[in-house]
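S.K.: how would this look folded up:
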Amino acid sequence: MPAWCHRLFLALLATAAVARAADIPALWAERVKCTVAVAYVIENENDRRPTLAYGTVIDRQGTIILPTAAVDQRLAPQQLKDFKVYIPGDPTPYEGTYLGGDVFTGWQYVRVEEKARSRLVPVTAFAAHGANPVPVMTEELWGIGLRPKEEDFLPYILQSHLVLTQLLPERTGVTQQEVAGPGLPVFNHAGDLVGIALSSGGETYMQFSQGARGGEAVILFDLEESSLFQLADDVLPYLKRIPTNVNGRPLAWLGAFSLEPMDRDVANFLKLSPQASGAVVSEVLENSPAEKAGMKARDIIVAINGQPIPHFRPDHVVIDYVEHEIARDRPGDAMSLTVLRGADRLELKATLGEEPKLVREADRTFFDRLGFTAREFVYGDAIARRVKVAEAAGVIVHYVRPNGPTALAGLQTDDWIQEIDGAPAKNYTDALARLFAIANDPQRREFVLLVSRGGDTAILRVKLK
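M.R.: Next up is the predicted model:
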């Protein structure tokens, strides 16, 4: 190449780089408007704990999605209080309403009050026209991060290169370093949405302090930035799965319990394709759609609705995939399951049911004088304790106040209270009546509980002040 051509080529590259660099700030300033910070309070029996998450605006009605980890799925919705939405760089909070979570996407949904909506832009405004862009290896991507509350959630830019795309089970991009805050969008150089950052993978850093003894190592975990993001093709089609209630119902249920990834040696023995996988059913739950369809323990699910289960790395992702496919549907939907049972290949037809009441939905009552919270016995408790649902009775201990009367007597969280003062606790209503009578009797000085813990029973004598 002549020297003048080489110089011209370098000049054109430099000009293009400058143009790209000049475009990013303008793109960034507009795209920041689809990001927010959401603060809320978790209310427990004895305290209120402030919590913070980052979210992306998805429509003109001010609906916001938060990442899965933003809300602990063990919490009852009534424990989530005082949602406030912050626009980056502005300390003024707006009122937010918790809408619930979607089990398929894992997103938690919040809606901001109307007066804030004109300041926000839905992330869909930045989706590419036509096919969604799929980033390629080494492509430079950028995203948005937000500083802490004490800095008014000031937005800043992050940039990195794509190093891997993997099924986890959604298509997930992995960048060389952090590319956005968890729950916030990721873009390419054209400003097109390429994905939403997932919860941090727990990136670690080694920091050395300058001490008199040569310094000491400190491990740091970065939870406010992430190098993982879900690709736009697995985001945009599902943004409208806004829950109709805070419990996220309806919830589809199959009842194939405790799935395990199929061993690769077993797959080879069964002569399955190297690109195929399977999930081993450890147990089929009582009265479940799986049981009604004829599924049995040790069946290996190898296809769903005629589609072979893909091969995943790591192997355990196959469990998430099966659960993901069930969550995609609704109660009443038909599901075809291809299973291997010994040397036989069977086609089972299941009609998905409604998920039984979950622990987070269970009724619960705190007894201040007794120092513990009793909650309703639900289907999942029967499964965990290996008892038939029809035989279930009593209540479960949800919380025990430290140094309270029941704590001093030895009561623990998850204990199963079966008798109160020698009388069987028939159900939640019956147990509450007995416990209220004890708690409201100022003359009562003690009472007795029969509890089950890990298959063993114990009698606890509770002394009241």
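
S.K.: show me the strands in the stretch 51-200 of the chain, by range?
M.R.: 63-66, 80-86, 93-101, 108-112, 140-146, 155-167, 171-175, 185-187, 193-197 (DSSP state E, counting those that start in this stretch).

S.K.: so how far is the last one off the chain centroid?
M.R.: This points to strand 193-197. Distance of strand 193-197 from the chain centroid (CA atoms, centre = their mean, to the nearest Å) equals 18 Å.

S.K.: likewise the second one?
M.R.: Distance of strand 80-86 from its chain centroid, counting by CA atoms, centre = their mean, is 19 Å.

S.K.: equivalent analysis for the shortest one, please.
M.R.: Here strand 185-187 is found 20 Å from its chain centre; the criterion is CA atoms, centre = their mean.

S.K.: direction included, what does that strand pair against?
M.R.: Sheet pairing here is set by DSSP bridges, and for strand 185-187 it gives strand 140-146 (antiparallel), strand 193-197 (antiparallel).

S.K.: quick one: closest of the strands of the stretch 51-200 of the chain to residue 316.
M.R.: Judged by CB to CB, the one of the strands of the stretch 51-200 of the chain that comes nearest to residue 316 is strand 155-167, at 12.5 Å. Yep, even glycine has a C-beta here, placed from its N, CA and C like the rest.

S.K.: tell me the helices and strands packed up against the closest one.
M.R.: On a contact count with 3 or more CB pairs under 8 Å, 6 or more residues apart in numbering; DSSP states H and E, strand 155-167 meets strand 140-146, strand 171-175.

S.K.: with mean pLDDT and distance to residue 129 added, can I get those strands in a markdown table?
M.R.: Putting these into a markdown table (pLDDT from 0 to 100; distance: least, CB to CB, whole Å) gives the following:
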| stretch | mean pLDDT | distance to residue 129 |
| --- | --- | --- |
| strand 140-146 | 96 | 19 |
| strand 171-175 | 96 | 21 |
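
S.K.: which of these sits most buried?
M.R.: strand 140-146 (a mean of 23; mean count of other CB atoms under 10 Å).

S.K.: residue 297: what's it in contact with?
M.R.: 281-284 (CB atoms under 8 Å, 6 or more residues apart in numbering).

S.K.: residue 374: what's its closest spatial neighbour, skipping adjacent residues?
M.R.: Of all residues beyond its chain neighbours, the one nearest residue 374 is residue 395 (4.3 Å), with distances taken as CB to CB, 6 or more residues apart in numbering.

S.K.: that neighbour bridge partners, please.
M.R.: Per DSSP bridges, the residues bridged to residue 395 are residue 376, residue 417.

S.K.: how about the one 5 residues further on?
M.R.: Taking DSSP bridges, one obtains residue 372 as the residues bridged to residue 400.

S.K.: what's the pLDDT at it?
M.R.: Turning to residue 400, the model gives it a pLDDT of 97.

S.K.: and what of residue 265?
M.R.: The model reports residue 265 with a pLDDT of 76.

S.K.: follow-up on the earlier one: most neighbours per residue, which of the strands of the stretch 51-200 of the chain?
M.R.: Most buried among the strands of the stretch 51-200 of the chain, given mean count of other CB under 10 Å as the contact rule, is strand 193-197, at a mean of 28.

S.K.: so for that one, mean pLDDT?
M.R.: Across strand 193-197, the per-residue pLDDT values average to 97.

S.K.: which residues touch that strand?
M.R.: Taking CB under 8 Å, 6+ apart as the criterion, the residues outside strand 193-197 that touch it are 56, 65, 67, 123, 126-128, 132-135, 141, 143, 173, 179-188, 226, 228-232, 235-236.

S.K.: strand 171-175 and that strand, what's the angle between them?
M.R.: Regarding strand 193-197 and strand 171-175, their directions subtend 80 degrees when assessed with axes from the mean of the first three to the mean of the last three CA atoms, to 10 degrees.

S.K.: got the angle for strand 193-197 vs strand 155-167?
M.R.: Computed by the same axes, to 10 degrees, the angle between strand 193-197 and strand 155-167 is 90 degrees.

S.K.: many thanks, have a good one.
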